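**Q** with the input below, show me the fold.
(chains A and B)
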Protein chains: 2
Amino acid sequence: MAAYQAPLRDMAFVIHELLAAGEHLRRMPAFEEIEADLLDSALSSAARFAEDVLAPLNAGGDAIGCQLEDGAVRTPPGFADAYRQFVDAGWPTLSCAPEHGGQGFPSLAHSTIVELLNGANQSWTMTPILSHGVYRIVSEHASPALQARWLPAIVDGRVTTTMLLTEAHAGSDLGLLRSTALPDPAHDLPDTPAYRLRGSKIFISGADHDWTESIVHMVLARLPDAPPGVRGISLFLVPKRLEDGSRNRLEVTHVEHKMGLRGSPTCSVTLDDARGWLVGRPHQGLAAMFILMNEARLNVGVQAVAVAQGAYDAALAYARERLQMRASGGARHPELPADPIIHHPDVRRMLLTQKARIEGGRMLSYWMALCSDLEAHHPDPAERADAGDLLALLTPVTKAFLSDNAFDDANLALQVLGGHGYLRDHGIEQRVRDVRIAQIYEGTNGVQARDLVGRKILGDGGARLTRLLARMRGFLGDPAQPSELALLFAPVQRLADAFEAGVGQLAEAQQRDRDAADAAAYDLLQALGHLCFGYLFARAAVLALPKADAADPFHAAKLETARFYIHQLLPRAFAHLESARSAADGGLSTLDQQRLFG
Amino acid sequence: MAAYQAPLRDMAFVIHELLAAGEHLRRMPAFEEIEADLLDSALSSAARFAEDVLAPLNAGGDAIGCQLEDGAVRTPPGFADAYRQFVDAGWPTLSCAPEHGGQGFPSLAHSTIVELLNGANQSWTMTPILSHGVYRIVSEHASPALQARWLPAIVDGRVTTTMLLTEAHAGSDLGLLRSTALPDPAHDLPDTPAYRLRGSKIFISGADHDWTESIVHMVLARLPDAPPGVRGISLFLVPKRLEDGSRNRLEVTHVEHKMGLRGSPTCSVTLDDARGWLVGRPHQGLAAMFILMNEARLNVGVQAVAVAQGAYDAALAYARERLQMRASGGARHPELPADPIIHHPDVRRMLLTQKARIEGGRMLSYWMALCSDLEAHHPDPAERADAGDLLALLTPVTKAFLSDNAFDDANLALQVLGGHGYLRDHGIEQRVRDVRIAQIYEGTNGVQARDLVGRKILGDGGARLTRLLARMRGFLGDPAQPSELALLFAPVQRLADAFEAGVGQLAEAQQRDRDAADAAAYDLLQALGHLCFGYLFARAAVLALPKADAADPFHAAKLETARFYIHQLLPRAFAHLESARSAADGGLSTLDQQRLFG
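**A** So this is what the prediction gives:
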């Protein structure tokens, strides 16, 4: 099995060349002590941890999985020890604020670490990955008493964290959830009411494990006076162990058997008068939880890119070694019995498709991470608002487009290996199974599309979209751009126009048919994903062009990858717009379901 | 887990309404005793066997897999008994000729049985499925002495069969294979030279099992005087047991751990002076093997449709039951806490995509099966040649387009279930893992694309393609077609024109760059698949239109499905043509691999 190699140079290209992150960070007082080389050295250390500690545990984690024994979860061999090393090296503190004992790194740094950990071992990463979002919820919404009790342990990694949202009958539709919380005043903390929680939750990543003494669960449940639906949901902090060290009344009842991600314990949990404390205001739990959810959605995008990269690396190495048939243009290695398959155009098509979408995904997701820093910390309120709008608009695109691409890319990697890819031996089929979940969790990609089109585009009359398009057009239409790139920019400009027209048609269709937006949403999200990638590849091409003739082929490859994406993958966006137009025109709602589905 | 339900009505629609198979069969003397109702009753019996016997074994086969113990393979519980029932009911004899003890059913009937068995249990079906192709090789190419010895056992199912092609270093490129055959005149049969075979083979489905006493292996190897490459490969029949009941020197050394298809033993095999007999002429083994291979490629298309259908059925059932959120057009079931998710347009998009591609795949693959009958048995040589040309042209499309679609469709089915689809409990994730192999075996889909474009289209100067396009245009442009369907036909006609233009451009590009055809092949295959589906849906729409207002919604749904396909999925073909144009234009070969891939 190919070892994991952190793609540090590709990551640095996005951070320093494309995003010029150092310049942005210098303008934000929160990061004035974070120099660019500090970022790089954090990246290098994380890369070593990912390569040396996490990657070797990945295949075994899949083969052995997690066991539930006497109500306690045993994780695969080496996982707990890897977590101790992770904590000892101080990684959980990285992006927490210095006033809470953190190192104060930007979200952008957090995202790069998320990529490295997931590239090496997606299953292991599932458990620690939530802590930063929970840290934000607790530091922004919990009472001082709760913070005093739990924040230090979350920041330094003495506890891991979970989110208990889903119930068997309530997944995409959290408004249906039934878990309850009854007042338990005997255990109130200062300004922090205590509750007894009851209910059953499913799909809980890391609900139990053998890594830490305690775990902090963030639980959604209803107060006795809660209104029905999503406006009646409150958020609670429920620890695995109470102050005296005894177990809280929260029990893992089952570990799921999943297609992949088998090294991560996905649990069913029962709360039977478990003790918890309210976080934030009554009935407003969903809004607090969405801090975590939005961060998790960006993480899913980064994670998907990471897993696809690992599969691509293995496929590329195989394609360079595997000898089958002669290149159609004539033998490239007459001294060998056949040519390496990387010389076959169809293999190059598969490899370049993966490479381009991985690099596009990295550009989009790191850009969003930077927007998250700008939104939180830029001194200019207008810049903060602008970054926040962009982030809100493109979070669903980042989650869904990148995870759809990654699953397809991991499968292309498998395909490069042919029958050998279908065997467990090469580790690619595990990546296919692992990354499949990214299209589902943290809101299915269908839910993302609905969020994008209904809330983020039509919801503000297209204001955010108009600003994004203006930004793209400003760049692509700048007369100072090199004329050699005009042919490259043209399809992206055409797509921007076609996308805007498609949204206009949809807004009209929606007046006639309230199903129109949902019917067109998936295809519009895909088209917007392509447009973002096209724009980012155009930017990358401008950066790469002056260095494309260097002896080092790095920038030449960036330019060629941009060309490949825009000329060979971007055309799909126009097909999506055509499908969206047709769908909005009634194609999905003309017949009732009985007649349509027989 | 949802039980398997044979889609008999959809199958009958294709057989009787679309293909009017009865009329065709009546014109062929070989089938004059096969009445349409005989076909239907065979189908019903096979459906019961698939539903009652095979389907209940599918999940267990995946969970338990196959074990190698003391050189013998143990298959999952129930598999051997199911095979005994299969043999006792006479299924192996179905499509063999009456002079060999068969029932003389057409290939079309064989394909429908292939669909039913695979729909219920793809892993189990892997072993018996090859026998019909091996029957054809042995009955057409083996000596009378070999036929006398083995044909009856192949026909009645006392033995199963395998094909030993692949070696570790020789997959797509069989020219590299190294296994050898040395003369062994002491064991010659009348007019049938014997050989001692040596070599190692991998990826052998059903190379051993606990179903039958013996197994007939068809083995590719080189004679001592063999020229190098594919023109030096001969075909041998190598039985598991020799005439005296002793074991031949062929040993299973390993059972692979695969992503899916775990109920099927995929074996590594060593031949250490195994005794075999030459089939056909020396050095011409590949041509004989391609009888089997072409049949296997059509079977893969049918198989892929079958597995996707099983996943779709489970997703459809779930979507009718699962309650989440309100339909965007307003509550459909105000009496329930939420609406069934089938009312959400995005869920309908996913379901209709599956439904349309499954039905399109069934139309194309059954049409090809009928062509195989026409090629073999039509009394008019011109009809035979025409059917053979069509079959040769569209076999790679059937194999690759249907298997690509099926994998995507099984994943859409999984997506409909959200997180629940990712669990083993619903059986869909198994279907995803199982059907993934269909894109790989019997020639990867990249190899299919190369065959289509290089050999089947450019290889005859476009003659076969021109006849296919003329047939499509004759139908679509017929002034007698109902005017209500003009809008439906238009995109298909546009696609036919665009496809023809694309092939013309490619032929020119190929003059300049010998990589052009291979670079464009994948996208052209996809576009031709869409064109075939568009044409077949147009035909289906013409049949369905007059019955679309009936109380029974069956034909109305067929019409809507055709509309959905042509308006919402067919647009992708134009994107593929654009990608093919760009690829042929040098997009995959401008930079050397070191510069391109870093």
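
**Q** dump the residue contacts of A:Q481.
**A** A:475, A:489, A:542 (Cβ atoms under 8 Å, 6 or more residues apart in numbering or on different chains). Using the backbone N, CA and C atoms, a C-beta is placed for each residue, glycine as well.

**Q** I'd like these written out as CSV, with pLDDT, distance to chain B and secondary structure added.
**A** Output for the contacts of A:Q481, formatted as CSV (pLDDT from 0 to 100; distance: Cβ to the nearest Cβ, whole Å; DSSP: H, G, I helix; E, B strand; the rest coil):
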residue, pLDDT, distance to chain B, secondary structure
A:F475, 98, 23, helix
A:F489, 98, 16, helix
A:V542, 98, 19, helix
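
**Q** hmm, which of these are the buried ones?
**A** A:489, A:542 (16 or more other Cβ atoms under 10 Å in any protein chain shown).

**Q** element containing the residue nearest to the spatial centre of chain A?
**A** Nearest residue to the geometric centre of chain A (Cα atoms, centre = their mean): A:V300, 1.7 Å. Using DSSP states H and E, A:V300 sits in helix A:285-321.

**Q** got the buried residues for that helix?
**A** Buried, per 16+ other Cβ under 10 Å, within helix A:285-321: A:285-286, A:288-289, A:291-316, A:318-319.

**Q** and the next helix or strand past the helix or strand hosting A:V347?
**A** Using DSSP H and E, A:V347 falls within helix A:345-377. Heading C-terminal from helix A:345-377, the first helix or strand you meet, by DSSP H and E, is helix A:381-416.

**Q** what about the following helix or strand past that next one, near chain B?
**A** Remark: after helix A:381-416, the chain's next helix or strand is helix A:428-435, criterion DSSP H and E. Yes. Looking at helix A:428-435 against chain B by Cβ under 8 Å from any Cβ of the partner chain, the contacts come from A:429, A:432-433.

**Q** contacts for the helix or strand that helix A:428-435 is followed by?
**A** Sequence-wise, the next helix or strand downstream of helix A:428-435 (DSSP H and E) is helix A:445-450. With Cβ under 8 Å, 6+ apart as the test, helix A:445-450 has contacts from A:172, A:297, A:396-397, A:399-400, A:403-404, A:439, A:517-518, A:521-522, A:524-525, B:344, B:346-347, B:350, B:415.

**Q** just the CA atoms of helix A:445-450, as CSV, please.
**A** Below are the C-alpha coordinates for helix A:445-450, written out as CSV (Å, rounded to 0.1, in the frame of the first residue of the first chain):
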residue,chain,number,x,y,z
ASN,A,445,-25.8,17.3,-0.6
GLY,A,446,-29.4,17.7,-1.6
VAL,A,447,-29.9,19.7,1.6
GLN,A,448,-26.9,21.8,0.7
ALA,A,449,-28.4,22.5,-2.8
ARG,A,450,-31.7,23.6,-1.2
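
**Q** any idea how far A:T395 is from the residue of the stretch 51-200 of chain A found nearest chain B?
**A** Nearest to chain B, among the residues of the stretch 51-200 of chain A, is A:D173, at 4.0 Å (Cβ to the nearest Cβ). Noted for A:D173: a distance of 20 Å to A:T395, by Cβ to Cβ, to the nearest Å.

**Q** how about A:D339?
**A** On the measure of Cβ to Cβ, A:D339 and A:T395 end up 44 Å apart.

**Q** try A:G477
**A** The value you get for A:G477 to A:T395, if Cβ to Cβ is used, is 27 Å.

**Q** between those two, which is the more surrounded one?
**A** A:T395 (24 against 11; other Cβ atoms under 10 Å in any protein chain shown).

**Q** please read off the pLDDT at that one from the model.
**A** Per-residue pLDDT puts A:T395 at 98.

**Q** next one: A:F533
**A** 99.

**Q** which helix or strand contains it?
**A** Going by DSSP H and E, A:F533 is in helix A:516-544.

**Q** quick one: distance of that helix to the chain centre.
**A** 17 Å (Cα atoms, centre = their mean, to the nearest Å).

**Q** so which elements touch the longest strand along chain A?
**A** Once chain A is assigned using DSSP state E, the strand that runs over the most residues is strand A:266-279. Helices and strands touching strand A:266-279, by 3 or more Cβ pairs under 8 Å, 6 or more residues apart in numbering or on different chains; DSSP states H and E, are helix A:131-141, strand A:194-205, strand A:214-221, strand A:234-239, strand A:250-255.

**Q** if we can go back for a sec, tell me who's in contact with the residue of the stretch 51-200 of chain A closest to chain B.
**A** A:D173 neighbours (Cβ under 8 Å, 6+ apart): B:323-325, B:338.

**Q** neighbours of the residue nearest to it when sequence neighbours are not counted, how many?
**A** Excluding its sequence neighbours, the residue lying closest to A:D173 (Cβ to Cβ, 6 or more residues apart in numbering or on different chains) is B:Q324, at 4.0 Å. Neighbour count for B:Q324, taken as other Cβ under 10 Å: 21.

**Q** next: A:P92.
**A** A:P92: 25 neighbours (other Cβ under 10 Å).

**Q** one more: A:L402?
**A** 31.

**Q** what's the distance between it and A:V302?
**A** 8 Å.

**Q** shared neighbours of those two, anything?
**A** A:S365.

**Q** returning to that earlier point: wait, doesn't the residue nearest to A:D173 sit right on B:P337?
**A** No. Assessed by Cβ atoms under 8 Å, B:Q324 is found out of contact with B:P337, at 9.5 Å.

**Q** which neighbours do those two share?
**A** Shared contacts of B:Q324 and B:P337, counting by Cβ under 8 Å, 6+ apart, come down to A:L176.

**Q** one step back: give me the distance from the helix holding A:V347 to the chain's centre.
**A** 12 Å.
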